[in-house]
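Undergrad: Have a look; sequence and predicted model below, questions after that.
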Amino acid sequence: MEEFGKYMNGKNITAIAGIDARGFLLAGLLAEKYQLPLVMIRKEGKLPDNIVSKASYDLEYGHETLTIRNDLLSENDTILIVDDVLATGGTLQAAIELVKNCGVRSIYTGVLIELLFLK
């Protein structure tokens, strides 16, 4: 968590977004520690409200769609999107697209582990 904190320093982050599902663990800890709002980026059909944006992406083993409530963020926000593992980048790219669709212009990303051999 300390490395994420160092990375966030000086970036004026206004919210933390976590990617379904293990990204929620990291995002929740960071949001609590730095007293920031937590935004969940969920797999399709998991959000409790119909106000969502969608982005689809390919996985090494299939296809998935992520959703986000588009009433939680604005162009004035600076977001840190976190996830546990960066494999091929499809999930993270879809998450970035979703946050951009909410009007956010300033987006940072962070992952705990990067699988370099997948390039």
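TA: Structure's in. What do you need?

Undergrad: Ile81 should be in a strand, yeah?
TA: Yes - per DSSP: H, G, I helix; E, B strand; the rest coil, Ile81 lies within a strand segment.

Undergrad: Find me the pLDDT at it, would you?
TA: pLDDT, Ile81: 98.

Undergrad: Now for it: which residues touch it?
TA: Listed by Cβ atoms under 8 Å, 6 or more residues apart in numbering, the contact partners of Ile81 are 17-19, 23, 41, 92, 95-96, 99, 107-110. For glycine as for every other residue, the C-beta is placed from the backbone atoms N, C-alpha and C.

Undergrad: Filter those down to just the buried residues.
TA: 17-19, 23, 41, 92, 95-96, 99, 109-110 (16 or more other Cβ atoms under 10 Å).

Undergrad: want to try TSV for the residues you listed, with distance to Met1 and pLDDT as columns?
TA: What follows is the buried ones among the contacts of Ile81, written out as TSV (distance: Cβ to Cβ, whole Å; pLDDT from 0 to 100):
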residue	distance to Met1	pLDDT
Ala17	16	98
Gly18	13	98
Ile19	17	97
Gly23	14	96
Ile41	20	96
Leu92	19	95
Ala95	20	96
Ile96	22	97
Val99	22	96
Thr109	16	98
Gly110	11	97
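
Undergrad: Reformat those residues as JSON lines; add distance to Glu75.
TA: Converted to JSON lines, the buried ones among the contacts of Ile81 look like this (distance: Cβ to Cβ, whole Å):
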{"residue": "Ala17", "distance to Glu75": "15"}
{"residue": "Gly18", "distance to Glu75": "21"}
{"residue": "Ile19", "distance to Glu75": "21"}
{"residue": "Gly23", "distance to Glu75": "23"}
{"residue": "Ile41", "distance to Glu75": "18"}
{"residue": "Leu92", "distance to Glu75": "21"}
{"residue": "Ala95", "distance to Glu75": "17"}
{"residue": "Ile96", "distance to Glu75": "15"}
{"residue": "Val99", "distance to Glu75": "11"}
{"residue": "Thr109", "distance to Glu75": "18"}
{"residue": "Gly110", "distance to Glu75": "21"}
